[in-house]
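Peer 1: Got a sequence here, can you build the structure:
(one chain, ligands or ions: 1)
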Amino acid sequence: MDLQLADQHVLVTGASRGIGLAVVRAFLAEGARVTATARRATPELTATGAAFVAADLSTPEGPRRMVEEVLSAGPRLDVLVNNAGGGILPDKLSDDPFDAGDEVWAAAFALNFEAAVRTTRAALPALVEARGAVVNISSDSARRPGSEPLAYASAKAALNTFSRGLAERVAASGVRVNSVTPSATRTSLVTGPDGYVAQVAAGLGIPHEALVSALPQQNGMLTDALIDPAEIARTVLLLASPAMPSVIGANWSVDAGATKAV
Ligand SMILES: NC(=O)c1ccc[n+]([C@@H]2O[C@H](COP(=O)([O-])OP(=O)(O)OC[C@H]3O[C@@H](n4cnc5c(N)ncnc54)[C@H](OP(=O)(O)O)[C@@H]3O)[C@@H](O)[C@H]2O)c1
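Peer 2: Below you'll find the predicted structure:
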């Protein structure tokens, strides 16, 4: 199948590792021109040959400055993938149903919600010009009431509402907005020694590997296995592809059945 992505100009946030890195590799394999952004490049990202712009997207000015730098190198933008995100934990785990104070909630929303809003706002004129596509990376946490941390799940739920609402507003300009909802995926966020799951395991006083092994079942995943980031990347490519002009405002789950709803 020709996804018609060759020579398309693509911007991927959170691209230095994990799902973002897999998305970069997948677009490059289709012949797209990719700009990757994160706070720091990694050797794995540099090896892909993608252009790189450093930015902290959780700051109010970070997204706009980053998009301006990308567009000053080349004004065309066909695809924006808002992938940067992740769980934010308090210094100490507790039974507090609010996870922690305002600073944790603000940090979770800044990275998982406001970064996507600000990046999309800055990129929209170029996307309209190209009649392009936006793909936002959400999480099954937004759809499972038992998800923790609640601040992260709430921020991803806000991202879902933003994505669907924006899809309505910009479709007439030729821009398609869609989302992907992964469940537990094999990235450093889950398997890394300093990742989110490792921090939770340390807080609970259990071995990191034990929590990683239990995660698919805990999430209700029917495969009992972590998802390969390349599978999320293939879904992003389909949603971004001009070969899918009628996919608008969709939120495609790649969650091994974790979301228990019809
Ligand atoms: N892995 C999972 O199980 C899972 C499940 C559902 C949803 N998701 C979502 O999928 C997306 C990618 O997750 P992942 O597992 O691939 O995470 P990851 O391996 O931790 O990678 C996160 C990426 O985001 C970048 N990033 C983090 N903070 C940033 C900031 N303040 N400004 C700019 N970039 C920043 C990181 O680079 P720097 O640190 O260099 O900035 C890195 O490139 C996230 O939105 C996450 O919520 C993941």
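Peer 1: going forward, measure contacts and count neighbours with C-alpha atoms only.
Peer 2: Will do.
Peer 1: can you count the residues close to the residue lying closest to Ala107 once chain neighbours are set aside?
Peer 2: Once flanking residues are discounted, Ala107 sits nearest to Ile88: 6.9 Å by C-alpha to C-alpha, 6 or more residues apart in numbering. Using other C-alpha atoms under 10 Å, Ile88 has 21 other residues around it.
Peer 1: now the one 3 residues further on
Peer 2: By the criterion of other C-alpha under 10 Å, Asp91 has 10 neighbours.
Peer 1: One more: the one 4 residues further on?
Peer 2: Here the neighbour count serves as a burial measure; for Asp95 (other C-alpha under 10 Å) it reads 7.
Peer 1: pLDDT score for it?
Peer 2: If you check Asp95, the pLDDT there is 73.
Peer 1: what about it, which helix or strand?
Peer 2: For Asp95, there is no host helix or strand (DSSP states H and E).
Peer 1: which SSE is the residue nearest to Ala107 in?
Peer 2: Per DSSP H and E, there is no helix or strand for Ile88.
Peer 1: Return the list of helices and strands in contact with the lowest-mean-pLDDT helix or strand in the chain.
Peer 2: In the chain, no helix or strand scores lower on mean pLDDT, DSSP states H and E than helix 196-204, which sits at a mean of 89. Helix 196-204 sits against helix 188-191, helix 208-219, with contacts defined as 3 or more C-alpha pairs under 8 Å, 6 or more residues apart in numbering; DSSP states H and E.
Peer 1: Is the last one in proximity to the ligand?
Peer 2: No. Applying C-alpha under 6 Å from any ligand atom, one finds that helix 208-219 is not in contact with the ligand, the shortest distance being 9.3 Å.
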